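Q: can you look at this prediction? I've put the sequence above it.
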Amino acid sequence: MRVEMEFLGSGTSSGIPTIGCDCWVCNSSNPRNKRLRSSVLFRLGVGDDERRLLVDVTPDIRIQALRAGLSSVHGVLITHTHADHCHGLDDLRGLYWGGGRVPIPLWAYPEALAQLRRTFAYIFDADYDYKGIVKLEPQVFEHQLFEAAGVRVQPIPVVHGNMRVAGFRIGECAYITDTNEVPDTSIELLKGVRLLILDALRRAPHPTHMSLPKALETAEKIGVERVFFTHINHDLEHESINNELPDWARLGYDRLKVAIEEDGRISVTEPESNGPSPIAF
């Protein structure tokens, strides 16, 4: 089965450019330095059989969905409930309407689902009679494999300061954001992954995110063939950093698509236009 991961966003919690910042990355005209909040879309299979799983629902989800041509999804996977990863939940209503008003399955850790129920109480209130909201089918996972839209998903527990965050492995692809440590038990769950998207906030160490050197070390430990980094702040300028990286590692950027094809090849698809999206910027 073909597995594609599309970068809907590749930026840190403030997005890039950052409000009030006049650094050279925030002022860059290179569209690859313009980063919405981090999220990825798994596209599984091809043609009419394609299934779409959205990982996280950022405050930028409206723009992200519009520029990806996304009108419906078969499920949503939540890594954790920091605002930059879930505060776009209300905007799922557009994908709910586009999916024929069929409740969207949403998977999360139990504590994450409990937080979503508090923050978005009206969405989960069966007695709330306003029709213009998304309807969800909430489900929880722990460490076990679960099935989402007919696809087997392996949660990958990682550490984010004092919080646990879920990464997700589907086949030989994996997505891990917001982590400062991937435990050895999770490294074992990632063995056999060939294509990885991984948190790499900046060069310097950080208490809740991976630095670029640590992310490279972690990818080597897993043994991946290709890694693309995400949740990037304005310390990392796209072109200059890529010139320093080994051939198998690159900074990700918004709208980039990476996939393992049905014949086993790893493919990288650039956006159709390298210019700024008229929707996003």
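A: Yep, it's here.
Q: every contact and neighbour count from this point should use C-alpha atoms.
A: Fine.
Q: residues contacting the longest strand anywhere in the chain, please?
A: Using DSSP state E to define each element, the chain has its longest strand at strand 151-160. Residues from elsewhere that reach strand 151-160 (CA atoms under 8 Å, 6 or more residues apart in numbering): 141-147, 164-171, 176, 178-183, 186, 189-190, 208-209.
Q: return the subset of those lying in helices.
A: Ser186, Leu189, Leu190 (DSSP state H).
Q: quick one: low-confidence parts of the protein?
A: In the predicted model, the chain carries pLDDT under 70 at residues 273-281.
Q: helices along that one, start to end?
A: Along the chain, the segments classed as helices by DSSP H run 61-68, 83-86, 92-98, 110-119, 121-124, 184-190, 212-222, 238-242.
Q: save the ones you listed as TSV, and put in mean neighbour count and distance to Glu272 too.
A: As requested, the helices of the chain are arranged in TSV below (neighbours: other CA atoms under 10 Å; distance: least, CA to CA, whole Å):
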stretch	mean neighbour count	distance to Glu272
helix 61-68	18	11
helix 83-86	20	26
helix 92-98	19	24
helix 110-119	16	36
helix 121-124	16	36
helix 184-190	16	31
helix 212-222	18	28
helix 238-242	14	18
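Q: quick one, which of the contacts of strand 151-160 are buried?
A: Using 16 or more other CA atoms under 10 Å as the burial test, these include 164-171, 176, 178-182, 186, 189-190, 208-209 as buried.
Q: for Val193, which non-adjacent residue is closest in space?
A: Computed as CA to CA, 6 or more residues apart in numbering, the closest residue to Val193 that is not its neighbour in sequence is Glu172, at 4.3 Å.
Q: same question for Glu188.
A: Using CA to CA, 6+ apart and skipping the chain neighbours, the partner closest in space to Glu188 is Ile222 (7.8 Å).
Q: could the helices of the chain go into JSON lines alongside distance to Ser28?
A: Below are these laid out as JSON lines (distance: least, CA to CA, whole Å):
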{"stretch": "helix 61-68", "distance to Ser28": "20"}
{"stretch": "helix 83-86", "distance to Ser28": "23"}
{"stretch": "helix 92-98", "distance to Ser28": "31"}
{"stretch": "helix 110-119", "distance to Ser28": "35"}
{"stretch": "helix 121-124", "distance to Ser28": "39"}
{"stretch": "helix 184-190", "distance to Ser28": "35"}
{"stretch": "helix 212-222", "distance to Ser28": "21"}
{"stretch": "helix 238-242", "distance to Ser28": "10"}
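Q: which one, of those, ends up nearest to Gly264?
A: helix 184-190 (17.6 Å; CA to CA).
Q: using CSV, list the CA coordinates for the closest one.
A: Listed in CSV are the C-alpha atoms of helix 184-190, where the atom choice follows Å, rounded to 0.1, in the frame of the first residue of the first chain:
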residue,chain,number,x,y,z
ASP,A,184,14.5,2.9,23.9
THR,A,185,11.2,1.0,24.1
SER,A,186,9.8,3.4,21.4
ILE,A,187,13.0,3.1,19.3
GLU,A,188,12.2,-0.6,19.2
LEU,A,189,8.7,0.1,17.9
LEU,A,190,10.3,2.2,15.2
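Q: name the helices or strands packed onto it?
A: Identification of packing neighbours for helix 184-190 by 3 or more CA pairs under 8 Å, 6 or more residues apart in numbering; DSSP states H and E yields strand 151-160, helix 212-222.
Q: dump those to JSON lines, plus distance to Ile241.
A: Rendered in JSON lines, the data for the helices and strands packed on helix 184-190 read as follows (distance: least, CA to CA, whole Å):
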{"stretch": "strand 151-160", "distance to Ile241": "24"}
{"stretch": "helix 212-222", "distance to Ile241": "10"}
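Q: out of these, nearest to His238?
A: helix 212-222 (12.6 Å).
Q: distance between that closest one and the chain's centre?
A: When C-alpha coordinates are averaged (CA atoms, centre = their mean, to the nearest Å), helix 212-222 and its chain have centres 18 Å apart.
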